[in-house]
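Engineer: Coordinates for the following, if possible.
(chains A and B)
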Amino acid sequence: MSEREIMEYDVIVVGGGPAGLACAIRLKQLNPQVNVCVIEKAAEVGAHILSGAVIETDPLDQLLPDWRDHPPPICVPVIKDEFLFLSKRSARKLLTPPQLSNHGNVIVSLGAMCAWLAARAENLEVDIFPGYAASEISWSENGEVKGVIIGDMGVDKSGKPKDTYVEGIEIQAPVTVLAEGCRGHLSKQLIKHFKLDQDCDPQTYGIGMKELWRLPEGRVKPGLVQHTIGWPLDKQIYGGSFVYHLNDNRVALGFVAGLDYQDPQFMPFEAFQQFKHHPRMRALLEGGEIISSGARAIIEGGYQSLPTTEMPGALLIGDAAGLLNVPKIKGTHQAIRSGMLAAEHLHAQGDVITSQGFDKLLRGSPIVSELKKVRNIRPGFYKGLWLGLANAAWETATAGWSPWTLKNHADHATLKTNLSIQREWVERELPPKDRLASVYYAATEHDEDQPVHLQILEPDVCLTRCAEEFDHPCTRFCPANVYEMVTDEQGKRLQINAANCVHCKTCDIKDPYQIINWVTPEGGAGPNYQNL
Amino acid sequence: MKVLVFIKRVVDYNVRVKVRPDGSGVDTGGVKMSINPFDEIALEEALQMREAGTADEVVVVSAGGNECQQQLRTGLAMGADRAIQIDTDKTLQPLSAARAFLALIEQQQPGLVLLGKQAIDDDNNQTGQMLAALWGRPQATNAAEIVINGNSALVTREVDAGLEVLDIDLPAVVTTDLRLNTPRFVKLPDIMKAKKKPLDVVALGELTSHDDTNLQIGQWSPPAQRSKGIMVDDVAGLVGELKNRGLL
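Structural biologist: Modelled structure (predicted):
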């Protein structure tokens, strides 16, 4: 077995999202001579990322002061905010919470914005490598992160090389910046390995699902931003919807459900589709067509769940660390700021760069003080919707000065056996009719002849404990119908339709036994989100 | 032998394309663009020929604006020796493309010209054939296998009736079909090496002054929606429905 080929850089950025790209751009702005690469598993920057998204523009103004001269392709200024409480047949406007007041913000497609940022990064001579998955960490002899190892390509289902086999190269750098986003697989390994989360609460998450629709003329009001709570969720489940009116008769709509839900029968995808059938939404969507759809886990733990963000040879930025502001439901501005901060920290050290000192810098920065201010809002909802709202009002009024900090609890431990809630959901006719139809619009693609990238670490659990306790919730929480219990001549078994996977990471998070381990499939595989 | 491979920048095969609401074309805003898959197969074949020693230089060519340099660089990263961009902001119809390619062939004097059998955006399947005719040289299209024998080649073609083997004199035009090969993955270090390989730009006007736009696209529309099927209870019911629709 020959030695792997090695490429060397000053800084490796894993992940081509807003955090990673902001970091790479800032590094080059501070020192055009520095060698930076961005490794991105999607075939194209932006293809694996999705978000609402309404973003705060200050960090972008700081990073690229002239960005408004050539803005990203979808960039609609917010004109109006609405916040609604839905019941099954009606909607009532509520006072818009200050965190959801978007004056001065813009609605973008995060995917399109990342592609736009990547072009700016390339102009500064950042080496961007889409289509390559950073699959493993490269370790130095004294246990430090030395770099990453790119996944092998052209491997068949059983792990053997095919004719097209290419061994993944190793990329080494003094510092690897992990910008993989929520529940990144390398970040997950490193957090465990270096015990970065031993002093903080468990991390918590939500699942976000989104569809981009084109509607008949005259229905879309560009710049209108709507958020709803209430139906179809019951008071135990945190979540709600967003509807953002874009240009060109397009509307971006989506649904978020906290993954701390207790009902094993709950299906987040179905909740999203039910929301679309609320009389108000149906009136908006009828006659339109879906252009694109997708899903991704959202990191919600905030301040209490923030791990130590530095380790020997690497650091965590963006949602790989967990910087999203849940009450605002915005993480992009935090991601950009953290990327810039990391770049500035590394640059300030001169010739010999190290990750040391980044965590202290981050915790002393406005990025974390923003999280601290809202830290008690999301956990308040563990007591249900009404207490959660009351607590949120208190926390907003006191601007986070409460002398206490509510604790976060692990999402995978919240399912309750034998809980069964009657949901009174309606018959649906709007597309997509089921998860398979939805996955079509995610344009996700995996070569079938490759190792399955969803590893079940203890397969016996499925047919024994899980069948009894929770009735296979994986078959319901996955938005892409990857997990199926099938019965054939061999009996009942778990079938993993890995090719459907949209890389959302929900299974890795919510599986109650924590036996599902998401790893990277062959580089370039996965969704091809367009303008999401 | 020098091999010229012509590639086209097209919408990636994974993209779910949509027709613009006004029927003026397909919405390609913000969509992923790639090398036409059949052209990628053509390039792979040329690279395999060079590795086997039957070719000594592989030149990859594309006609388009500066965006197509992205695909040319990918071609260089796969292993092509040189790249040429025929610079134009017009969308070339097959005949125009063939004329431009012919002018380049007359400059470059290749022993073999490879193209994909058709582009996946317009599915014309014409450029290779027109090129061969204008050039006055043999053509073998839809190739599933190419064996070079000195100054000639044995090309196995996929045709409706099965497989057909042609023995053609070189230089010639061969267009590629799906089963010819599986294109290689690009190794990361090769992307860096590709940045240093030569990429020349020649304006379309320098190659040809012909302006063939003999086809005018009238309108684009999406395929008609399939209407819902109905379930029938038995054969009698089926026969009844068919009779009702005048089909029996």
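
Engineer: Low-confidence ranges, the chain, go.
Structural biologist: Looking at chain A here, since you left the chain open. Across chain A, the ranges flagged by pLDDT under 70 are A:1-2.

Engineer: Break it down into its structural domains.
Structural biologist: A:6-67+A:112-202+A:302-373, A:435-518 (automatic domain parsing).

Engineer: end to end, how far does the first one reach?
Structural biologist: The straight-line separation of the ends of domain A:6-67+A:112-202+A:302-373 (CA to CA, to the nearest Å) is 44 Å.

Engineer: rewinding a little: need the domains of chain A in JSON lines (columns: distance to residue B:187).
Structural biologist: The C-beta positions use only the backbone N, C-alpha and C, and glycine is treated the same way. Putting the domains of chain A into JSON lines (distance: least, CB to CB, whole Å) gives the following:
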{"stretch": "domain A:6-67+A:112-202+A:302-373", "distance to residue B:187": "6"}
{"stretch": "domain A:435-518", "distance to residue B:187": "18"}
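
Engineer: Residue A:532 contacts residue A:212, correct?
Structural biologist: Yes: in terms of CB atoms under 8 Å, residue A:532 counts as a neighbour of residue A:212; the distance is 5.9 Å.

Engineer: Those residues of chain A touching chain B, which are they?
Structural biologist: Residues of chain A lying close to chain B (CB under 8 Å from any CB of the partner chain) are A:5, A:7, A:43-44, A:47, A:73-74, A:109, A:112, A:115, A:127, A:129, A:131-132, A:150, A:153-154, A:163-164, A:166, A:169, A:171, A:214, A:249, A:289, A:291-292, A:440-441, A:443, A:445, A:528, A:530-531.

Engineer: Are any of those buried, and if so which?
Structural biologist: Burial of the residues of chain A next to chain B was assessed by neighbour count (16 or more other CB atoms under 10 Å in any protein chain shown); the buried members are A:7, A:43-44, A:47, A:74, A:109, A:112, A:115, A:127, A:129, A:131-132, A:150, A:153-154, A:166, A:169, A:171, A:214, A:249, A:291-292, A:441, A:443, A:445, A:528, A:530-531.

Engineer: Report the contact partners of residue A:59.
Structural biologist: With contact taken as CB atoms under 8 Å, 6 or more residues apart in numbering or on different chains, residue A:59 is in contact with A:22, A:333, A:336-337, A:340.

Engineer: centroid residue for chain B?
Structural biologist: Among the residues of chain B, the smallest C-alpha distance to the mean C-alpha position (CA atoms, centre = their mean) belongs to residue B:116, namely 3.4 Å.

Engineer: Tell me where chain B has strands.
Structural biologist: In chain B, strands defined by DSSP state E lie at B:2-7, B:9-11, B:33-35, B:57-64, B:82-87, B:112-116, B:139-149, B:152-159, B:162-169, B:172-176, B:199-203, listed in chain order.

Engineer: if we can go back for a sec, settle it for me: which of residue A:532 and residue A:212 has more neighbours?
Structural biologist: Here residue A:532 and residue A:212 are set side by side on neighbour count (other CB atoms under 10 Å in any protein chain shown), and the busier one is residue A:532, at 32 against 24.

Engineer: How many residues are close by the closest residue to the more buried one other than its chain neighbours?
Structural biologist: Nearest-residue entry for residue A:532: residue A:50, 3.9 Å, with adjacent residues in sequence omitted and distances by CB to CB, 6 or more residues apart in numbering or on different chains. For residue A:50, the neighbour count with other CB under 10 Å is 28.

Engineer: circling back to that earlier point, is it possible to get a markdown table of the strands of chain B that adds distance to chain A?
Structural biologist: Formatted as a markdown table, those follow (distance: least, CB to the nearest CB, whole Å):
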| stretch | distance to chain A |
| --- | --- |
| strand B:2-7 | 17 |
| strand B:9-11 | 10 |
| strand B:33-35 | 8 |
| strand B:57-64 | 18 |
| strand B:82-87 | 18 |
| strand B:112-116 | 19 |
| strand B:139-149 | 15 |
| strand B:152-159 | 19 |
| strand B:162-169 | 22 |
| strand B:172-176 | 17 |
| strand B:199-203 | 16 |
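
Engineer: Let me have those strands in JSON lines, extended by distance to residue A:194 and mean pLDDT.
Structural biologist: As requested, those are exported to JSON lines (distance: least, CB to CB, whole Å; pLDDT from 0 to 100):
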{"stretch": "strand B:2-7", "distance to residue A:194": "46", "mean pLDDT": "98"}
{"stretch": "strand B:9-11", "distance to residue A:194": "44", "mean pLDDT": "96"}
{"stretch": "strand B:33-35", "distance to residue A:194": "39", "mean pLDDT": "95"}
{"stretch": "strand B:57-64", "distance to residue A:194": "46", "mean pLDDT": "98"}
{"stretch": "strand B:82-87", "distance to residue A:194": "45", "mean pLDDT": "97"}
{"stretch": "strand B:112-116", "distance to residue A:194": "49", "mean pLDDT": "98"}
{"stretch": "strand B:139-149", "distance to residue A:194": "53", "mean pLDDT": "96"}
{"stretch": "strand B:152-159", "distance to residue A:194": "56", "mean pLDDT": "95"}
{"stretch": "strand B:162-169", "distance to residue A:194": "59", "mean pLDDT": "96"}
{"stretch": "strand B:172-176", "distance to residue A:194": "50", "mean pLDDT": "98"}
{"stretch": "strand B:199-203", "distance to residue A:194": "44", "mean pLDDT": "96"}
